[in-house]
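In: Here is my input, please return the structure:
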Amino acid sequence: MGVGFKEYDVSVDSAAAQEMVDMTGQMGVPVIVIGSEVIIGFDRARIQELLSAAPASQPGGIHFGLKIADAAKSGQQPGALVGGVSPGLLGEKAGLKAGDIITGISGTRIEGVEDVAKVVAALKPGIIVSILFWRGNEQRKSEIVV
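Out: The predicted structure is shown next:
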């Protein structure tokens with residue numbers, strides 16, 4: 001299991017950039033927030049310490065290991081654009097790849113990142129989850145047990 005997180009690209013998300021500056025007073029350096037602790041820079045020892053102390057699972061206990069963005073913001077159809085897939089986690093097991101656009105999870109229409117977060121948070125381990133997605137011009141469906 002992993003620790004849940006949201007990744008923000010402060011080069012395109014001005015609200016996230018301002019929040020980083022407000023929280024840390026820093027601009028242009030990596031900032032990681034784990035729980036209520038703010039880590040500025042790459043303090044690997046402290047990051048590992050906090051991750052080791054973190055609960056093994058987040059609400060729902062389900063981790064797909066996907067980096068996603070709102071597809072519509074990149075000029076594509078509504079959905080969640082997959083930017084990366086962590087090896088060995090559910091996203092990879094479902095066959096998702098960078099560039100895919102997720103449009104549905106277990107019967108729920110996915111318009112963007114927030115929809116994915118809500119659906120995944122409500123999933124229970126041991127159920128079959130269907131994922132509808134586009135790869136190029138082809139619509140695909142994958143089913144996995146979470």
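In: Please count neighbours and contacts with C-alpha atoms only from this point.
Out: OK.
In: how much space is there between residue 108 and residue 92?
Out: According to Cα to Cα, to the nearest Å, residue 108 and residue 92 sit 20 Å apart.
In: name the helices or strands packed onto the helix or strand encompassing residue 92?
Out: Element membership for residue 92, per DSSP states H and E: helix 90-93. With contacts defined as 3 or more Cα pairs under 8 Å, 6 or more residues apart in numbering; DSSP states H and E, helix 90-93 has no helix or strand neighbours.
In: And the next helix or strand past that helix?
Out: Next helix or strand after helix 90-93 toward the C-terminus (DSSP H and E): strand 101-105.
In: Do a quick rundown of the helices in the chain.
Out: Taking DSSP state H as the test, the helices found in the chain are 14-24, 44-53, 90-93, 113-122.
In: what about this protein, any weak spots by pLDDT?
Out: Scanning the chain for pLDDT under 70 picks out 1-11, 24-44, 46-62, 74-75.
In: Now do the domain split for it, please.
Out: 14-53, 66-145 (automatic domain parsing).
In: picking up where we left off before, other residues contacting the helix holding residue 92?
Out: 63-66, 85-86, 144, 146 (Cα atoms under 8 Å, 6 or more residues apart in numbering).
In: and that helix, C-alpha only, in CSV?
Out: C-alpha atoms of helix 90-93 as CSV (Å, rounded to 0.1, in the frame of the first residue of the first chain):
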residue,chain,number,x,y,z
LEU,A,90,-3.6,-1.3,-9.9
GLY,A,91,-3.3,1.1,-12.8
GLU,A,92,-0.6,-1.0,-14.5
LYS,A,93,-2.5,-4.2,-13.7
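In: Quickly note the distance from residue 70 to residue 113.
Out: From residue 70 to residue 113 the distance is 6 Å (Cα to Cα).
In: Among those two, which residue is more densely surrounded?
Out: A count of neighbours by other Cα atoms under 10 Å puts residue 70 above the other of residue 70 and residue 113, at 22 against 19.
In: beta partners for that one?
Out: residue 80 (DSSP bridges).
In: Tell me which residues touch it, please.
Out: 78-81, 111-113.
In: at 6 Å instead, please
Out: Contact partners of residue 70, counting by Cα atoms under 6 Å, 6 or more residues apart in numbering, are 80-81, 112-113.
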